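1. what follows is a predicted protein model with its sequence.
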Amino acid sequence: MRRAVAVFWRTRSFSSSNCLPKFPLVSLDRHDIWYPPPSPPLHLRPHYNDHQTTTEIDGKLIANDIKAALATEVNYMKNSIKHVPGLGIVLVGKRKDSLSFVRIKKRACEKVGITSEVVNLPENCTEGEVLDAVSELNNKESVHGILVQLPLPSHLSEQKIINAVNVEKDVDGFHPVNIGNLAMTGREPLFIPCASRGCIEVLHRCGVEIIGKKAVVIGRSQITGLPTSLLLQRHHATVTVVHSSTKNPEEITREADILVSDVGVPNLVLGHWLKPGVVVIDMGSTLVTDSKGSRVTGDVCYEEAILKASLITPVPGGVGPVTISMLLYNTVEAAKRAYQWTGKS
Ligand SMILES: NC(=O)C1=CN([C@@H]2O[C@H](COP(=O)(O)OP(=O)(O)OC[C@H]3O[C@@H](n4cnc5c(N)ncnc54)[C@H](OP(=O)(O)O)[C@@H]3O)[C@@H](O)[C@H]2O)C=CC1
Ligand SMILES: Nc1nc(=O)c2c([nH]1)NC[C@@H]1CN(c3ccc(C(=O)N[C@@H](CCC(=O)O)C(=O)O)cc3)C=[N+]21
């Protein structure tokens with residue numbers, strides 16, 4: 001049974017002196033200071049278990065808030081410089097989950113006024129064909145952000161293809177220059193990977209202090225686990241990474257104040273893996289098909305975790321929608337840089 005508790009925070013997104021939204025996003029340039037969100041940050045409808053309160057985080061509300069602010073900004077950009085941001089997506093093959101993610105991304109772009117185009121390539125295409133598609137998008141003025149939907153078929157080198165994306169259009173933040181800058185103190189990546197940024201944004205909006213907290217990230221992939229652990233470190237958490245070779249992972253996760261799971265294995269994280277009061281961010285997103293049909297599920301056993309956690313993101317409806325809104329945010333940032341448009345009249 002799900003204890004549905006909507007967490008939403010009407011951010012002070014719009015100023016009267018300037019019609020642009022003031023983004024509430026946590027940015028790296030403020031990473032060394034944790035500041036409490038404006039009060040009251042949350043509208044909570046807490047549910048009481050025997051011993052404690054558990055709150056479910058409504059990621060859709062957070063995403064809608066960010067998308068509404070972006071739509072205003074895109075509209076303002078259109079009126080002032082007659083351009084709108086554009087996203088180019090390269091999709092190889094017809095994986096069911098990739099098709100679904102690309103559909104979600106296109107729909108989200110439409111909602112805020114970003115143009116999007118998808119280059120579809122067959123499963124058996126050559127690496128050269130994918131590199132050509134990336135190169136064409138690199139050279140296209142109306143495309144400010146490029147995303148190569150992962151995973152790619154195994155005969156293609158993801159590394160080589162990601163390297164080919166223009167760093168200034170790398171809205172996924174997966175280019176080694178962007179990841180490298182994320183890892184290095186004092187350097188600013190042009191883009192932060194969307195899921196990792198989504199995770200921090202959710203924590204911030206829920207008033208979760210990160211500085212000095214013990215964070216455990218399960219997973220170390222280049223698209224989620226690794227950048228999330230780097231970003232949490234930049235926000236001064238003490239981070240431990242658990243992966244497939246980790247012995248007795250539950251002994252490590254039980255220490256966590258903040259637990260982030262980026263694995264893709266349903267029900268990996270059980271109740272006894274959690275310390276009472278932990279904040280759980282479930283980034284897993286696996287399409288499961290059984291007798292009840294197809295549905296998306298996370299890594300965390302929700303029914304068990306809800307008895308231990310203080311805050312928890314559900315799947316679906318948790319960090320996933322926030323990830324998508326971060327992709328839109330990065331695309332708008334890319335276009336603003338390309339046109340050297342600051343949003344000021
Ligand atoms: N919600 C969102 O916004 C997003 C969700 N996702 C989802 O996140 C999940 C992970 O994606 P991705 O990072 O691409 O997946 P990968 O398969 O690339 O990486 C999985 C990671 O989990 C580790 N792992 C695997 N099995 C275990 C285990 N039993 N115990 C501990 N660690 C384990 C792997 O370890 P090792 O390195 O040792 O192999 C690896 O580091 C997927 O469900 C994906 O759909 C992804 C992006 C965004
Ligand atoms: N180049 C690239 N960039 C990515 O960012 C990327 C990728 N490849 N490959 C796959 C993973 C996975 N990922 C998700 C994004 C949103 C949801 C999401 O919005 N999930 C919804 C449910 C989605 C549904 O219902 O199908 C939710 O949790 O509510 C999930 C997973 C991004 N990824």
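-> Happy to help now that I have it. Since the structure is predicted, the reported quantities are computational estimates derived from the model, not experimental observations. Numbers count the residues shown, from 1 in each chain. Ligands and ions are numbered 1, 2, ... in the order given.
2. now the residue in the chain positioned nearest to ligand 2: closest residue in space, sequence neighbours ignored.
-> Residue of the chain nearest ligand 2, by CB to the nearest ligand atom: Gly320 (2.4 Å). Placement of C-beta: from N, CA and C, glycine included. Leaving aside its sequence neighbours, Gly320 sits nearest to Ser285 (CB to CB, 6 or more residues apart in numbering; 5.8 Å).
3. ok now do that neighbour, which residues does it touch?
-> Contacts of Ser285 were listed using CB atoms under 8 Å, 6 or more residues apart in numbering, and they are Gly264, Val296, Thr297, Gly298, Val315, Pro316, Gly320.
4. what's the answer for Arg187, then?
-> Counting by CB under 8 Å, 6+ apart, Arg187 touches Gly180, Asn181.
5. so is it in a helix, a strand, or just coil?
-> What DSSP: H, G, I helix; E, B strand; the rest coil gives for Arg187 is coil.
6. okay, now the domains of the chain?
-> Split into domains by automatic domain parsing, the chain comes to 53-58+193-320, 81-167.
7. deepest in the core, which of the ones you listed is it.
-> domain 53-58+193-320 (a mean of 20; mean count of other CB atoms under 10 Å).
8. any idea how far apart the tips of that one sit?
-> Using CA to CA, to the nearest Å, one end of domain 53-58+193-320 lies 24 Å from the other.
9. centre-most residue in the chain?
-> Among the residues of the chain, Ala195 comes closest to the average C-alpha position under CA atoms, centre = their mean, at 2.1 Å.
10. isn't that residue up against Gln222?
-> No - Ala195 lies out of contact with Gln222 (CB atoms under 8 Å); the separation is 11.4 Å.
11. tell me where the stretch 201-345 of the chain has helices.
-> Per DSSP state H, counting those that start in this stretch, the stretch 201-345 of the chain carries helices over the ranges 225-234, 249-253, 302-305, 319-338.
12. around ligand 2, which positions in the stretch 51-200 of the chain sit nearby?
-> Ser100, Phe101, Ile104, Leu147, Val148, Gln149, Leu150, Asp172, Cys194, Ala195 (CB under 6 Å from any ligand atom).
13. what residues are up against the fourth one?
-> Looking back up the chat, that one is Leu147. Here Leu147 is in contact with Leu87, Gly88, Ile89, Val90, Lys105, Val171, Asp172, Leu327 (CB under 8 Å, 6+ apart).
14. assumed Ile146 was part of a strand.
-> Yes - per three-state DSSP, Ile146 lies within a strand segment.
15. is it bridged to anything, and to what?
-> Gly88 (DSSP bridges).
16. can you pull the contacts of it?
-> Leu87, Gly88, Ile89, Val90, Val134, Leu137, Asn138, Val165, Asn166, Lys169, Asp170, Val171.
17. and what of Ala338?
-> By CB under 8 Å, 6+ apart, the contact set of Ala338 is His144, Glu168.
18. let's see it at 7 Å
-> By CB atoms under 7 Å, 6 or more residues apart in numbering, the contact set of Ala338 is His144.
19. same deal with Gly318?
-> Here Gly318 is in contact with Ile57, Gly59, Asp282 (CB under 7 Å, 6+ apart).
20. turn those into CSV, including distance to Leu311 and pLDDT.
-> Below are these laid out as CSV (distance: CB to CB, whole Å; pLDDT from 0 to 100):
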residue, distance to Leu311, pLDDT
Ile57, 6, 94
Gly59, 12, 96
Asp282, 11, 98
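21. nearest to ligand 1, of those?
-> Comparing the contacts of Gly318 against ligand 1 with CB to the nearest ligand atom places Asp282 closest, at 8.0 Å.
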